[in-house]
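K.L.:
Pasted the sequence and its predicted model underneath.
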Amino acid sequence: MTPALPLAFLPPTILGVVLLAILVGWTLREAARKDSAFKIGWKWWLLAALTVLSFRWPLLWTPHQMNPDESQLIAGAITLRHDPVFWRSVDGGTAGPFDYYPLLPAAWGDGPASYAIARLIGVAAMLGALFFLGETLAVVAGTTIARVALLPAITFQALTTSPDFIHCSTEVMPVLLFSAAGYVAVAGQDARSTARLWLVGLLLGSMPWAKLQATPLAAGLWAAVALHELRAHRPRALFPLLAGGLLPTLGCFALTTFTGETANMLTPYLARNLVYVQNLPDGRLLLQWRNALTDGYLAFWLAGTAVFVTWSLWRMRRAPEKLRLGALVGGGLLALSVWSVIAPSRPSTHHLLLLLPALVWTGGVALAVIASPATPTAPAKNCLLLAAFFLIVCVLPSVAWRWHAGDTFAAFTQTDVRPARRRLTELVRRYSTPDEPLAIWGWRTSLYVEAGRRQATRQAQSEAQIYPNALQGYFLRRYFEDFRAANPAVFADAVGPGNFVFEDRSRAHECFPLLRNWVQARYTLVADLDGTRLYVRDDRLPGAHAFPLPAPRAP
């Protein structure tokens with residue numbers, strides 16, 4: 001491997017390379033046998049999981065956040081451990097409760113351990129999504145096609161070192177729910193099971209409450225399943241599909257109504273997120289393509305899939321009806337995925353994960369169309385040659401990139417936590433107990449995780465309070481009410497040099513007079529470290545400060 005690879009990374013990386021080679025060889029051997037079974041098999045799945053884990057293992061233990069969203073999700077989980085009612089204790093912004101509750105195990109970690117647990121949950125969720133996608137393709141196109149089509153996705157998950165794809169992002173759970181719904185729909189499509197339709201509706205209806213941005217994908221698959229049932233002359237199937245899809249929404253409204261938090265759900269999660277999705281005139285598609293190029297692996301997979309999709313169009317008329325329908329559904333879902341990825345006014349690299357299900361599906365169906373015989377009585381093409389060519393186009397470039405370019409983000413993932421940052425965490429722990437909340441103004445969600453403290457305010461960061469917007473007054477008022485009710489022992493103003501997004505101290509808490517007056521009357525500045533001013537409630541400072549204070553900077 002590349003000489004820049006740290007020695008601690010070598011054993012798991014070498015093991016991953018060996019396992020990936022075995023996985024590819026096994027898949028090609030099965031392609032040579034023209035295996036037509038409809039189960040991928042647990043041994044193949046175990047090998048795939050071990051391959052991904054081998055490459056990911058060193059990155060799980062990076063001692064700092066991969067992305068601010070990672071810390072925000074874990075901070076929310078820590079807060080939910082103390083008060084499990086979402087929107088009363090946690091407002092996830094663009095993410096809903098089904099993104100936060102699965103991360104509750106990380107709330108019992110401590111600092112870097114919380115990050116490792118959350119990343120492991122993310123890997124498990126993505127492997128679960130690949131499992132459902134692969135088994136769905138196995139039903140439609142057979143085991144061989146499914147295994148070959150899965151290899152680019154497995155290679156991408158194994159080789160990527162992009163922090164946006166390593167952490168358990170807000171797209172992971174919607175992708176898992178979507179993939180599971182697709183499998184349930186396809187695996188029992190010829191059955192008249194009402195329970196299956198209830199489950200499909202329930203899974204798809206849960207997606208908007210994990211990530212509102214994934215709603216078009218959920219709606220697209222729901223429409224495809226509903227049309228299939230109507231074509232099969234089963235109009236009664238629409239009731240369980242519709243009722244199951246509405247259950248998560250009814251559950252969320254019932255929870256907020258019972259707890260009196262309906263307004264705190266409608267305004268931030270629905271009203272503000274509709275503002276977050278704006279018109280698309282500004283080249284966001286090109287921006288996301290550049291994001292896909294950050295470490296190459298996703299871009300290579302996208303380009304390779306495009307080659308096979310284009311090739312399959314020439315043979316579509318000769319393909320069986322089942323594959324033609326699959327291609328139509330896959331194309332529609334891919335279009336909806338692209339729209340979901342570029343819709344936010346601030347496109348992020350991790351949004352690209354929403355492409356994963358449609359990419360696997362369209363690539364697999366395209367491969368199956370090309371491999372299908374020209375006539376029902378004609379023999380199938382040589383599946384081994386086709387599989388080998390697919391892997392050369394979709395997998396080999398990623399492996400070559402890893403071999404020659406190495407770890408694009410090595411400097412970031414191997415950076416240790418700065419001493420000033422550690423000192424800040426120590427002070428938060430010193431002046432507050434584990435059961436007490438921490439209040440933060442700005443965007444330093446990592447401090448919640450590093451100090452093991454829950455949020456004093458529903459929002460872990462203050463973007464909605466600082467940036468001018470139509471709802472700024474609502475968010476400022478709620479922030480202050482939460483702050484006053486929690487009465488935190490420690491308050492951190494994380495607006496200053498070196499912080500994420502907010503470095504200009506003209507946006508510090510003093511710009512909000514109500515909060516400024518409250519802090520001045522009840523808190524004392526004890527440190528100005530790493531661009532963050534730390535305030536401690538006066539009753540926690542019985543006498544002189546126990547350590548010399550740096551000269552406070554002018555706000």
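P.N.:
Structure received. This structure is a prediction, so every number in the text was calculated from the model and none was measured.
K.L.:
in which helix or strand would I find Ala129?
P.N.:
Here Ala129 sits within helix 112-141, counting by DSSP states H and E.
K.L.:
For that helix, give the mean pLDDT please.
P.N.:
When pLDDT is averaged along helix 112-141, the result is 95.
K.L.:
Packing partners of that helix?
P.N.:
The contact analysis (3 or more CB pairs under 8 Å, 6 or more residues apart in numbering; DSSP states H and E) places helix 112-141 against helix 42-60, helix 68-82, helix 143-159, helix 172-187, helix 321-342, helix 356-371. Any C-beta I mention is one placed from the backbone N, CA and C, and that applies to glycine too.
K.L.:
Swap in 7 Å and give it another go.
P.N.:
Packed against helix 112-141, as judged by 3 or more CB pairs under 7 Å, 6 or more residues apart in numbering; DSSP states H and E, are the following elements: helix 42-60, helix 68-82, helix 143-159, helix 172-187, helix 356-371.
K.L.:
possible to save those as a markdown table with distance to Ala237 and mean neighbour count?
P.N.:
What follows is the helices and strands packed on helix 112-141, written out as a markdown table (distance: least, CB to CB, whole Å; neighbours: other CB atoms under 10 Å):
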| stretch | distance to Ala237 | mean neighbour count |
| --- | --- | --- |
| helix 42-60 | 31 | 19 |
| helix 68-82 | 36 | 25 |
| helix 143-159 | 26 | 26 |
| helix 172-187 | 11 | 26 |
| helix 356-371 | 22 | 27 |
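K.L.:
Ok, which of these comes nearest Glu481?
P.N.:
helix 68-82 (16.2 Å; CB to CB).
K.L.:
what's downstream of that closest one, the next helix or strand?
P.N.:
Helix 68-82 is succeeded, C-terminally, by helix 97-100 (DSSP H and E).
K.L.:
count of residues packed around Thr310?
P.N.:
Counted with other CB atoms under 10 Å, the neighbours of Thr310 add up to 10.
K.L.:
Could you tell me the angle between the strand or helix carrying it and helix 356-371?
P.N.:
Using DSSP H and E, Thr310 maps to helix 297-313. With axes from the mean of the first three to the mean of the last three CA atoms, to 10 degrees defining the directions, helix 297-313 sits at 40 degrees from helix 356-371.
K.L.:
Give me the residues contacting helix 297-313.
P.N.:
Identification of contacts with helix 297-313 by CB atoms under 7 Å, 6 or more residues apart in numbering yields 152, 156, 159-160, 292-293, 327, 352, 359, 362-363, 366-367, 369-370, 390, 393-394, 397-398, 401.
K.L.:
Same question for stretch 20-34.
P.N.:
44, 47-48, 51, 144, 147-148, 151, 155, 158, 380, 383-384, 387-388, 391.
K.L.:
For it, what is the distance to the chain centroid?
P.N.:
Distance, stretch centre to chain centre, for stretch 20-34: 30 Å (CA atoms, centre = their mean, to the nearest Å).
K.L.:
just checking, Arg272 touches Leu471?
P.N.:
Yes - using CB atoms under 7 Å, Arg272 is in contact with Leu471, at 5.8 Å.
K.L.:
With neighbour numbers in mind, choose between the two.
P.N.:
Per other CB under 10 Å, whichever of Arg272 and Leu471 has more neighbours is Arg272, with 19 against 15.
K.L.:
what about the helices in the stretch 351-500 of the chain?
P.N.:
Here the stretch 351-500 of the chain has its helices, by DSSP state H, counting those that start in this stretch, at 356-371, 383-394, 396-405, 410-413, 419-431, 446-451, 463-466, 472-486.
K.L.:
Dump those helices to JSON lines, plus distance to Asn499 and mean pLDDT.
P.N.:
Listed next are these as JSON lines, based on distance: least, CB to CB, whole Å; pLDDT from 0 to 100:
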{"stretch": "helix 356-371", "distance to Asn499": "32", "mean pLDDT": "94"}
{"stretch": "helix 383-394", "distance to Asn499": "40", "mean pLDDT": "92"}
{"stretch": "helix 396-405", "distance to Asn499": "31", "mean pLDDT": "87"}
{"stretch": "helix 410-413", "distance to Asn499": "17", "mean pLDDT": "82"}
{"stretch": "helix 419-431", "distance to Asn499": "11", "mean pLDDT": "94"}
{"stretch": "helix 446-451", "distance to Asn499": "10", "mean pLDDT": "96"}
{"stretch": "helix 463-466", "distance to Asn499": "12", "mean pLDDT": "93"}
{"stretch": "helix 472-486", "distance to Asn499": "18", "mean pLDDT": "96"}
